[in-house]
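*Asks:* kindly return the folded structure for what I paste below:
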Amino acid sequence: MTKVRFLHIADLHLDSPFTGLSALSDVVYKELKDAAYKSLTRIVTRAIAEQVDFVLIAGDIYDKEDRSIKAQVQFYKEMKRLQEAEIDVFFNSRESRFS
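*Replies:* Here you go, the predicted model:
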């Protein structure tokens with residue numbers, strides 16, 4: 001029997017505004033703000049290292065409808081890394097639905 005190996009990601013919420021955290025120091029706030037990007041990079045690195053068959057992304061990729069250029073570029077960059085590693089990506093999120 002052939003084994004299928006995949007990595008599941010849910011609710012990335014890239015570019016989350018982290019409202020209500022303004023009392024934190026600038027250093028801690030920046031670290032939190034960049035956490036989602038760093039997590040995505042680490043996840044993709046792990047998928048490549050583990051040579052998974054595919055990556056499944058469920059839930060919200062971005063935090064809001066008017067996603068930033070930074071969030072879009074970061075997501076594209078990581079998806080490109082997966083493509084270069086010949087790892088398929090499947091996703092279903094609100095951003096991909098048509099109304």
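*Asks:* C-alpha from now on. contacts and neighbour counts both.
*Replies:* OK.
*Asks:* any idea how many residues pack against residue 51?
*Replies:* By other CA atoms under 10 Å, 15 other residues sit near residue 51.
*Asks:* with residue 2 instead?
*Replies:* 4.
*Asks:* low pLDDT regions in this protein?
*Replies:* 17-19, 65-66, 93-99 (pLDDT under 70).
*Asks:* show me the strands in it, by range?
*Replies:* 6-10, 54-58, 88-92 (DSSP state E).
*Asks:* of those strands, which is nearest residue 36?
*Replies:* strand 6-10 (11.7 Å; CA to CA).
*Asks:* centre of the chain to that closest one, how far?
*Replies:* Per CA atoms, centre = their mean, to the nearest Å, the displacement of strand 6-10 from the mean C-alpha position of its chain is 10 Å.
*Asks:* which strands or helices does it pack on?
*Replies:* The elements that strand 6-10 packs onto, with contact taken as 3 or more CA pairs under 8 Å, 6 or more residues apart in numbering; DSSP states H and E, are strand 54-58.
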